[in-house]
Every structure is written in structure tokens, then in C-alpha cells.
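Novice: Here is a sequence together with a model predicted from it:
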Amino acid sequence: MRKFLRVNMGELSVKEDVWPAEQEPTGGRRLTSSIVSSEVCPTCHPLSAHNKLVLAPGWLGGTGAPSSGRLSIGAKSPLTGGIKESNSGGNAANALSRLGVGAIVVEGLPPDEDLRVLHLTADGAELVVDNGLKGLGNYDTTDRLREKFGENISCITIGQAGEMRLGAATIAITDEEGRPTRHAGRGGLGAVMGSKGLKAIVIDKEGGQRPESADREAFNKAAKRFAQLLRENDTTGDVLPTYGTNNLAKVINDAGLYPTRNFREGQFELVDNISGETQRETILARGGEAKHACHHGCTIACSAIYVDEDGEFVTKGPEYETIWAHGANCGIGDLDAIARMDRLDDDIGLDTIEMGATIAVAMEGGLLEFGDAEGAIRLLQEVRDGTPLGRIIGSGAAVTGRAFGVRRVPVVKGQALPAYDPRSAKGIGVTYATSTMGADHTAGYAIDQNILNLGRYVDPLQPGGQVDLSRERQIAAAAFDATGLCNLAGYAMYDGPEALEMILAMTNAHLGTSVDEHWWTELGKEILRKERDFNARAGFTAADDRLPDFFEEEPLPPHGTVFDVPHGELDTVFDF
């Protein structure tokens, strides 16, 4: 039986609640958004005692379901001012599930300036003061935690950005090698964790056990078939394991929606230097790993281990969004420089998408020249050092844009746009504009139908059909985020109905439920309704569901298109 842990930082107490059976199946985003929506005052300051940080594996976490190790983290976002769910891979979700922990709710503010570690074992949970971790990056933090608690732990940590409570601060999660390379990156949730005086959560799964399934034989059969479907799918069985997520760089560039130099152009002349193909060749030539799983049980293994010319570890991946953000968007065509920036982001605890967008805005504001890789690295070091300039940069693109008088700031609800220009892929533009999360590609990934022709094709350059497409993808994403499955596993669903049938079969066999495809769709709608309700109570209106004006006014080369989905249509996305 799963349990809640309520960690009250004001009382410095950890209390255990039994999981209500009638709430099954729940987990992941369904659980984090439900708790935040019902327990957090929408108008509270995100760094106040009234905000709560909720961490929840999906309901398939720890079961052995393929690629099911995602951890959802929710709160009111310091970056957007609305509800936030940010999720990550790594080994923490499965470790929590093995201890029977279905959710951790961190609430209140500490009575002092001490930093604390929440230590979880099969015997219970306790808060431990550890001020020796103050001011450390995520790499040094996890090293010290392993020295103290053992090598086989999973860690959830914040770096300097979280301690400084910066708007772009992430929450890091260790990978299979114990490195803090996986991040709940978006929305500044690291700042919420920092405000609670919580530097780390340490999970020792020793003595725990795999969650029991109501029908283990049926579960194993469905999981085995789902793994086979992932292997048979071209994307999850071949492209992603071979080239990683950065396989998209040349595809998106060729399609004319690879945002370049702060979204001024849709193609980058140096894309070959930073493509997935070049990345793979570089990694293999240096003795790195071109195929790497971020957690045990991932059959896709889309990540990589990037090493320097001496074969020494630099960082994971880097992933597609990271390479674009610090690469094309900043006019930088140097993979090694981008890898150094990714390592800094991970160590300091900064969202790579937000940082790439922020540096590009700073370049537009005249602080640096586009293409200045060393200058970009210096800006990240300013964030680590906590200088006044660094605190501005670490607060994200919107704050930096205001500080430097920049008009062209690519954000929605205060959060930076990811690596697809909405003028040349209008379905993803609808998602950026209307998502409850602020600009977020994973909230409704319309690129599959706009560009990759998966399932069906919706012309990316025309406004027609984009609202329906985004609505469909946002509903599906919300449901998927509740399971604990990696959203990349969703590619198998484009090959036919069997993949979803296996997800539901695993769910029913594990939990003893009888959910079906209709329930799945209604689940996605339920999650989105709760999130929309929270944002409305926080003061959001239809005016917040818009892209910045320049996307509607400045034609994007090479297609010369603008984002022209009518505002009235944007307002119908959530008319279920």
C-alpha cells in the first residue's frame, strides 16, 4: 500500500498518511496538480509558507513497466505565477516506489536558516540538518551525500540557484551513475524547494520492494508486449537510441522552425556542427556513450554520455532542447561549449531552456554578441557566484528582458519558449499560448502532426486545424504525465491502438482497476480543468493565453509566416 509523507518545515516534522484506495489510479501530474489545486492558495506568494512542493511518481513507477521512471514535481510556480508540474527521469521515482511512497508534500517555512536533508529509508523518514551543503552545486552535493549515506542512494537536490530562490532554478535528480543530470527544469520549482530550506531528499531503497500488483502475471504480459511495441517503433526502437533527442536538429532546421538568434530566423547556418549526427560521431570518437538510459528499466535509452577530447565526462546528452537553446538560439555552433554550459546549468541548478532563451535575450539587449560562447559561459558563472547580474540572468528571460529594455522576449506566462518557432509550426504555437504551464512543448506536442506526419498531418503553416490538434495533444499529455511513463514512449501510440491498450492493461493488472480508453481521455480533461481553475483563481485570463506580439507581426524566414491563429479560436482550446 502506498503512503503520503507530509513534511512540515515549520514544525520540522514528517508524518505518514495512508493512501486512500478510492483515489486509484492516481500519481504523477494527476496527483501533484490535484494537491496543489486543492491545498495551495492561488494568490499566495510562491516562496511563502502557503505554497507546497509535491513530489509524486506515476502509478506505474517501480513496477517494471518500460520507461516508467518519471517523477512529477508540482507547486505554484515562481516563474509563471500559476500552477506548475515539471517532471524528470532519473532513479528517484522508482526508488520512492520501492519504499511505498506515492507522494511527498513539503509545506511551511523553516524557523531558522539551517539547510536540511530529508532522509528516506525502509524504516522511515527524518529531517537532518546539514549546513555543510550550503552554497554547493549539485555535483558536490550528491558526492557528499553519497559519502554520508552510501553509494546506492538516489538524490533529489538543488544547486546554488535554488538556494538563491531564482526563477529559473531546477530540481536535480540523480541518474544511474549517481550524477545530478536529470532535472525537473521548468517553472522555477528549485526556488520553492530552496524557500523550504530543503537542500536534498535522499532515498535509500535498501530493504524496499517492488510494488505488488493485483495480477502480476497479467501485468508482466502487458509490460512485455509494451516493451516489444517500443522496440518495433521506428522512433523509440531506432532513431532515439541511435541519435538521441537531438536527431531533430536538422529535421526542424530544414522545416524552417529552428529558432535562431532569439527567434529572428527559422534556420541556423551552423546546424551541422550541432546536429544529432555530429553529436553521435563526436561522442563515439572520444569514447563516450551514444546510447544511455537515465533510469533502470528504460528501453528507449535516448540520452548519451558526452566526454571531452581526453575522454573525461562532461555532461549527459546534451539533449535537443539544451543544444538548441545554447546553440542556434544564441548563434553558437560549438558542441563542446554547449556541453560546458549544460554542465554548468546542471550543477548550478538552472533550466537549460530558460537559460538559453535568457542569454539570447541578453545578447539582443547588447550585453553580448550573438555567437559569443565564452561570454555565455561567463554569464552562467555570474549566476553561480550570485552577483547582481547573475541574479537577473538566473531569474529568467522575462526578468532579463525588462532589465535590459528588450522588446522581443519569447515567453508566455513568464516562461521561455522551447525549440520550435510557432510561426512555422502553428499547432505548437497554440500549445505555447494556452498551456496551463506557460510555454511548454511537452504540454501538447503538436510537432508530431505538424512536422513529423505521425498519425495525421496538419499543415504547420496554416492556422486551420491547429486548435483541435493542440487540444487533443494537451489532453493526451496530461494523462500520460500521470502514469510515470516517459512521454517519448507515446510514439508507439501512433502505430495503432495497441500501445494505449497495453498501458491500460498494465494499469488494471497492477492496481486491480477496470479503466478504459474513455476514462483515459476524461482523465486528461480532469487534470487540465483543475489546472485551469487554479490559474483562473490566481488571476489569469484569456489575455494570458497569447504569444508575444512579435510572433504575430514579424514574418519568420524562410517561410515568411506569422502566427495567425485567431485569438477567438485560442479561447476555445479548453471547450471540451
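Specialist: Happy to help now that I have it.

Novice: Enumerate the strands of the stretch 151-300 of the chain by residue range, in sequence order.
Specialist: Per DSSP state E, counting those that start in this stretch, the stretch 151-300 of the chain carries strands over the ranges 154-157, 171-173, 182-184, 198-203, 289-292.

Novice: neighbouring contacts of the fourth one?
Specialist: Strand 198-203 has contacts (Cβ atoms under 8 Å, 6 or more residues apart in numbering) with 7, 9, 53, 55, 92, 95-96, 99, 104, 106, 115-120, 130, 133-134, 141, 145, 149, 153-158, 163. Glycine gets a C-beta too; all of them are placed from N, C-alpha and C.

Novice: What residues does the residue of the chain most remote from its centre make contact with?
Specialist: Within the chain, E217 marks the point farthest from the mean C-alpha position, 32.9 Å out by Cα atoms, centre = their mean. Listed by Cβ under 8 Å, 6+ apart, the contact set of E217 is empty.

Novice: cool, P259 as well?
Specialist: 265-266, 324, 328-329, 410, 417, 419-421 are the contacts of P259 under Cβ under 8 Å, 6+ apart.

Novice: Please tabulate those in JSON lines and include distance to W519, pLDDT and neighbour count as additional columns.
Specialist: What follows is the contacts of P259, written out as JSON lines (distance: Cβ to Cβ, whole Å; pLDDT from 0 to 100; neighbours: other Cβ atoms under 10 Å):
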{"residue": "E265", "distance to W519": "44", "pLDDT": "98", "neighbour count": "18"}
{"residue": "G266", "distance to W519": "40", "pLDDT": "98", "neighbour count": "25"}
{"residue": "W324", "distance to W519": "36", "pLDDT": "98", "neighbour count": "30"}
{"residue": "A328", "distance to W519": "41", "pLDDT": "98", "neighbour count": "29"}
{"residue": "N329", "distance to W519": "40", "pLDDT": "98", "neighbour count": "31"}
{"residue": "P410", "distance to W519": "37", "pLDDT": "98", "neighbour count": "26"}
{"residue": "L417", "distance to W519": "33", "pLDDT": "98", "neighbour count": "28"}
{"residue": "A419", "distance to W519": "33", "pLDDT": "98", "neighbour count": "27"}
{"residue": "Y420", "distance to W519": "31", "pLDDT": "98", "neighbour count": "29"}
{"residue": "D421", "distance to W519": "36", "pLDDT": "98", "neighbour count": "28"}
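
Novice: Taking those residues, tell me the two that lie furthest apart.
Specialist: Longest distance between any two of the contacts of P259 is 14.6 Å, between E265 and L417; criterion Cβ to Cβ.

Novice: Show me which of the contacts of P259 is closest to I83.
Specialist: Nearest to I83 among those is L417, at 19.1 Å by Cβ to Cβ.

Novice: so that closest one makes contact with A357?
Specialist: Yes - between L417 and A357 there is a contact at 6.8 Å, judged by Cβ atoms under 8 Å.

Novice: Now do the shared contacts for those two.
Specialist: 410-411.

Novice: For K205, the count of nearby residues, please.
Specialist: 21 (other Cβ atoms under 10 Å).

Novice: Please tell me I have it right and it contacts F149.
Specialist: No - using Cβ under 8 Å, K205 is not in contact with F149; the gap is 11.8 Å.

Novice: Switch the strands of the stretch 151-300 of the chain over to TSV; also include mean pLDDT, mean neighbour count and distance to L454.
Specialist: Converted to TSV, the strands of the stretch 151-300 of the chain look like this (pLDDT from 0 to 100; neighbours: other Cβ atoms under 10 Å; distance: least, Cβ to Cβ, whole Å):
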stretch	mean pLDDT	mean neighbour count	distance to L454
strand 154-157	98	28	33
strand 171-173	98	33	29
strand 182-184	97	27	26
strand 198-203	98	26	36
strand 289-292	94	19	22
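
Novice: roughly how far apart are F263 and G427?
Specialist: Distance, F263 to G427, by Cβ to Cβ, to the nearest Å: 17 Å.

Novice: same check, this time on I447
Specialist: I447 is 8 Å from G427, by Cβ to Cβ.

Novice: With neighbour numbers in mind, choose between the two.
Specialist: G427 (31 against 24).

Novice: What is the end-to-end distance of stretch 452-461?
Specialist: From its first residue to its last, stretch 452-461 covers 14 Å (Cα to Cα, to the nearest Å).

Novice: now do stretch 109-122
Specialist: 26 Å.

Novice: So which residues of the stretch 451-576 of the chain form helices?
Specialist: In the stretch 451-576 of the chain, the helices defined using DSSP state H, counting those that start in this stretch lie at 466-483, 498-511, 517-537, 549-553, 567-570.

Novice: for the fourth one, the distance to its chain's centre please.
Specialist: The chain centroid and the centroid of helix 549-553 are separated by 27 Å, computed with Cα atoms, centre = their mean, to the nearest Å.

Novice: got the contact list for it?
Specialist: Residues contacting helix 549-553 (Cβ under 8 Å, 6+ apart): 263, 407-408, 410, 422-423, 429, 562-564.
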